[in-house]
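*Asks:* Here is a sequence together with a model predicted from it:
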Amino acid sequence: MLRLDDVTKEFRIGAFGGKSVAAVRGVSFEVVPGEVVSLIGESGSGKSTIGRMILGLNPVTSGSITFDGLPVRAGKEYYRRVQGIFQDPFSSFNPVFKADRVFTMIKEAYYPSVPGPEWAAKVEESLRDVRLNPGQVLGKYPHQLSGGQLQRLLIARALLLDIKLLVADEITSMLDASTRIDVLNLLAELKVRGLSVLYITHDLSLGTYLAERTVVLRRGSVAEMGPTERVFGDPLHPYTRELLSAVPRLHETWDDAVPVETCLYHLKGGTGGLAEADPGHFVACAQLETC
Amino acid sequence: MSLQVSELRVYYRTLKGDVRALDGMTFELRDGEILGLVGESGCGKSTLGKSLIRMDGRMRRVGGTVTLDGHELPIDDDRRMNDYRFREVSLIPQYAMSALNPTRKIRRMVTELLRSRGTALDTAELERRMDQVGLPREVLDRYPIELSGGMKQRMVMVISTLLDPSLLIADEVTSALDVSTQKAVARALLGFRDSGYVKSMIFVTHDLALTHHIADTIMVMYAGKLAEKAPADVIVKAPRHPYTRLLLESLPEVGVRYTERRLEGIAGSPPSLLDPPAGCRFRDRCPIAGEECAQEPPVAELAPDHHVACWKA
């Protein structure tokens, strides 16, 4: 459904844009219908840039992003099917207006002919879908609602559009542990109903909870990708191991990553692009001294 | 005993009335102990941290005392607290990015800071401590903008412990960092305690798993009150308070999959502290609440060092 082919993004920096820095380098992956893919990386890995390019907010420098075979073109038709939600729910709403204005804006832009009462019923239904009590959230200002409620309002807004893909960029990182899991469970339920989600995060545990497939990004390119249980059950790239060992866990002590002895990339005869270590599980060069 | 807090009540003054952010906290901190302070947002954990070093204008002490190394801290007297800040009590703020003066190179900033406390800069000692947290010496001749988030955080850590304070408050120091930087920062904090730069530490966070790796004791707060306090292993392995249990159950860990084990959040939301309900404040969300929970549960020591405020524990 969504397909990235050798996507590269360079930003111009410096006083007159004299220098350029590559934020994303040759990234290719695919999201199929009803699948959650998590995009994991640390700050500066380019994960948010990828999300923004998929949403058409930044143009790609080279390579292509296609949705159902057509190149991404920002516009009403595209946003009817693809929507994004971002990290800070408080900055996604205009504090001057009531929070439910986001629904009215959708109606004005996409469904101007739907009669008022029918629309109100539709809004209530999508609010119930995200397990919000309409009476508690409609007619309130953003500051009167909690972060979890606002984030769910945005998901409800996206659902009104009958979307196929949701780009969720760090949507739970500002929420409490217990609210966080509610939002994640909600995404999982939507997935069962056929929605695809690109879940962008730096938190490995949240990524693994939902996703069928995981893409680990390092400095703008893919270090390892494949089925979640393979990537985290049997990490092949030293960077993935390092990330995994740094995650604090409750019942284990903080151990150091076991160093990788042989570079699987070269062992599998990789030349350019990613090498397939086992079916569907790709790994990049480990950049060991012997490589 | 390095720190003793007894019956501390700190309220925020608002137009609608007092917000009871800290409502009768009593706990102790031994020399060399690291106390992890966890809870949801709005439970009063940051208020507690702030009360021990600097109350802002809206905060008011309603009752209780704080004693550090045998001296009572004048926590509501901003001017008299100045004698204690940085020397006795020090703070690592959450946003290291905004804690450093952007117009000064690090060396000059540290010198000025120490001069304001009547001390000269001991460069050898500063460099030794920077080595310990893995900061190159060139950092001293750079502006804050030239450092990465993790470097700034570590620089702030070194600066705030330069005068060997007795108590260090680390407020959400790792929440803005990546996992690998987070690990480095957390280990540096442990190193500070082991080298004796700080006697004891309060580590405020919302991340239970991370606290477990650092803290000796974990204190769980709920709605301005102590819910449970016990050695870190006990909190994680044998929690007694229903809130602690639910909090632990809602933690996603690497390897837990939605399809295999569905985690549940805690239903409902914390009560308003403007006019908190009588009795146990967790009653409305508690799965095992009963009749007696209409009365406020006292903090009881169920086992040595294991304090719980729950009738059902």
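*Replies:* All right, it came through fine.
*Asks:* Only C-alpha atoms from now on, for both contacts and neighbour counts.
*Replies:* OK.
*Asks:* Leaving out the residues flanking it, which one is nearest to residue A:235?
*Replies:* residue A:241 (6.0 Å; C-alpha to C-alpha, 6 or more residues apart in numbering or on different chains).
*Asks:* Mind checking what secondary structure the one you found has?
*Replies:* Secondary structure, DSSP: H, G, I helix; E, B strand; the rest coil: residue A:241 is helix.
*Asks:* pretty sure it contacts residue A:247?
*Replies:* No - using C-alpha atoms under 8 Å, residue A:241 is not in contact with residue A:247; the gap is 10.3 Å.
*Asks:* what about those two, which has more around it?
*Replies:* Set residue A:241 next to residue A:247 and count neighbours by other C-alpha atoms under 10 Å in any protein chain shown: residue A:247 wins out with 22 against 19.
*Asks:* OK, contacts around the more buried one?
*Replies:* Neighbour list for residue A:247: A:204, B:179-180, B:183 [criterion: C-alpha atoms under 8 Å, 6 or more residues apart in numbering or on different chains].
*Asks:* is it possible to export the residues you listed to CSV including secondary structure?
*Replies:* Formatted as CSV, the contacts of residue A:247 follow (three-state DSSP):
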residue, secondary structure
A:204, helix
B:179, helix
B:180, helix
B:183, helix
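*Asks:* Tell me where chain B has strands.
*Replies:* B:3-14, B:17-29, B:34-38, B:59-68, B:71-72, B:89-92, B:167-171, B:200-204, B:217-222, B:225-231, B:300-303, B:306-308 (DSSP state E).
*Asks:* likewise chain A?
*Replies:* Under DSSP E, chain A gives strands at A:2-13, A:19-31, A:36-40, A:62-67, A:70-71, A:82-85, A:165-169, A:196-201, A:213-218, A:221-227, A:275-278, A:281-283.
*Asks:* Figure out which of these is closest to residue A:123.
*Replies:* Closest approach to residue A:123 among these (C-alpha to C-alpha): strand A:82-85, 16.9 Å.
*Asks:* ok, and what's touching that closest one?
*Replies:* Residues outside strand A:82-85 that contact it (C-alpha under 8 Å, 6+ apart) are A:55, A:151, A:154-155, A:158, A:163-169, A:171.
*Asks:* Ok, stretch B:166-178 next?
*Replies:* Contacts of stretch B:166-178 with the rest of the structure, by C-alpha under 8 Å, 6+ apart, involve A:42-43, A:202, B:2-3, B:46, B:49, B:87-95, B:149-150, B:153, B:161, B:182, B:185-186, B:198-206.
*Asks:* Alongside chain B, which residues does the stretch 1-150 of chain A contribute?
*Replies:* The stretch 1-150 of chain A comes close to chain B at residues A:42-43, as judged by C-alpha under 8 Å from any C-alpha of the partner chain.
*Asks:* Find the closest residue to chain B in the stretch 1-150 of chain A.
*Replies:* residue A:42 (5.7 Å; C-alpha to the nearest C-alpha).
*Asks:* show me what contacts that residue?
*Replies:* Here residue A:42 is in contact with A:202, A:217-218, B:178-179 (C-alpha under 8 Å, 6+ apart).
*Asks:* do that again at 6 Å, thanks
*Replies:* Residue A:42 makes contact with A:202, B:178 under the criterion C-alpha atoms under 6 Å, 6 or more residues apart in numbering or on different chains.
*Asks:* Ok, residue A:245 next?
*Replies:* A:256-257.
*Asks:* Disregarding residues adjacent in the polypeptide, which is nearest to residue A:249?
*Replies:* Nearest non-adjacent residue to residue A:249 (C-alpha to C-alpha, 6+ apart): residue B:209, at 5.3 Å.
*Asks:* neighbours of the one you found, just the number please.
*Replies:* 19.
*Asks:* you'd agree it is up against residue A:251?
*Replies:* No - counting by C-alpha atoms under 6 Å, residue B:209 stays clear of residue A:251, with 8.5 Å between them.
*Asks:* Could you count how many residues lie near residue B:194?
*Replies:* 12.
*Asks:* whoops, I mixed them up, residue B:297
*Replies:* 17.
*Asks:* Which positions in the stretch 101-250 of chain B make contact with chain A?
*Replies:* B:178-180, B:183, B:209-210, B:250 (C-alpha under 6 Å from any C-alpha of the partner chain).
*Asks:* ok, which pair from these is furthest apart?
*Replies:* B:180 and B:250 (23.2 Å).
*Asks:* Just give the nearest non-adjacent residue to residue 152, would you?
*Replies:* In the absence of a named chain, this looks at chain A. According to C-alpha to C-alpha, 6+ apart, the nearest residue to residue A:152 is residue A:130 (6.1 Å).
*Asks:* actually it's chain B I care about, not the one you picked
*Replies:* Spatially, and ignoring its direct neighbours in sequence, residue B:152 is nearest to residue B:96 (5.9 Å; C-alpha to C-alpha, 6+ apart).
*Asks:* I figured that neighbour hits residue B:153, correct?
*Replies:* Yes - between residue B:96 and residue B:153 there is a contact at 5.1 Å, judged by C-alpha under 6 Å.
*Asks:* higher neighbour count, the two?
*Replies:* Taking neighbours as other C-alpha under 10 Å, residue B:96 and residue B:153 compare with residue B:153 leading, 26 against 20.
*Asks:* While we're on the more buried one, how confident is the model there?
*Replies:* pLDDT for residue B:153: 88.
*Asks:* show me the contacts for it.
*Replies:* residue B:96.
*Asks:* Tell me what residue B:68 is bridged to.
*Replies:* residue B:3, residue B:71 (DSSP bridges).
*Asks:* and it, how many neighbours?
*Replies:* 20.
*Asks:* Equivalent analysis for residue B:192, please.
*Replies:* Neighbours of residue B:192 using other C-alpha under 10 Å come to 21.
*Asks:* The one 4 residues further on too?
*Replies:* Residues near residue B:196, counting by other C-alpha under 10 Å, number 13.
*Asks:* The one 3 residues further on now?
*Replies:* The local packing count at residue B:199 equals 21, with neighbours defined by other C-alpha under 10 Å.
*Asks:* Can you select the buried ones among the contacts of stretch B:166-178 for me in PyMOL?
*Replies:* Entered in PyMOL, the line below selects the buried ones among the contacts of stretch B:166-178, by 16 or more other C-alpha atoms under 10 Å in any protein chain shown:
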select buried, (chain A and resi 42+202) or (chain B and resi 2+3+46+49+87+88+89+90+91+92+93+94+95+149+150+153+161+182+185+186+198+199+200+201+202+203+204+205+206)
